[in-house]
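A.B. asks: Structure of the sequence below:
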Amino acid sequence: MPITIDPELLPPIDIIRLAQEGHLLRAERTTPEGGVPAFISSADRDRLLTRHPEGADVASTERAVHHLLAHAAQGLTATGEGVVPARLSLKTDLFEDEGETWISFVRDASTAVACVIIGSRPVLTDTNETPSDMHRAQP
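C.D. replies: Numbers count the residues shown, from 1 in each chain. Modelled structure (predicted):
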């Protein structure tokens, strides 16, 4: 069962600006057909390079992201119809042992394209967000 994501229901974030400023990086070389563009923060990319120095190349990161998104899609389809939550978390060893890996569904504020940001913390999506607090932990 495919999952349909309405970008208008997702919180807006300025993906293009954050990517141009180097705060976000593409987590995949190309977006699969029917998929959403995936990003990772530059800080989380650095965590991956430190934690998995031999396995943090683009291809390995891309495989990890596709695995996480497939796992999330499987979980969402098992719950039946409904709205896709803006944030999901899974226990993984991607960023730390038995740590939470967050999948934040957002839309680019200027293009209204649905995107996903994979990270060690959820992405805040309030309108006052700045790159320095992009991954500030939720209270």
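A.B. asks: Rounded mean pLDDT for the lengthiest helix in the chain, please.
C.D. replies: Ranked by residue count under DSSP state H, the longest helix found in the chain is helix 58-78. Across helix 58-78, the average pLDDT comes to 80.
A.B. asks: List the buried residues in it.
C.D. replies: Neighbour-count burial for helix 58-78, counted by 16 or more other C-beta atoms under 10 Å, picks out T61, E62, A64, V65, L68, L69, A72, L76. Bear in mind the C-beta positions are built from the backbone N, C-alpha and C, glycine included.
A.B. asks: Do I have it right that the fourth one meets I103?
C.D. replies: No: using C-beta atoms under 8 Å, V65 is not in contact with I103, being 9.2 Å away.
A.B. asks: any shared contact partners between those two?
C.D. replies: Listed as contacting both V65 and I103 by C-beta atoms under 8 Å, 6 or more residues apart in numbering are I118.
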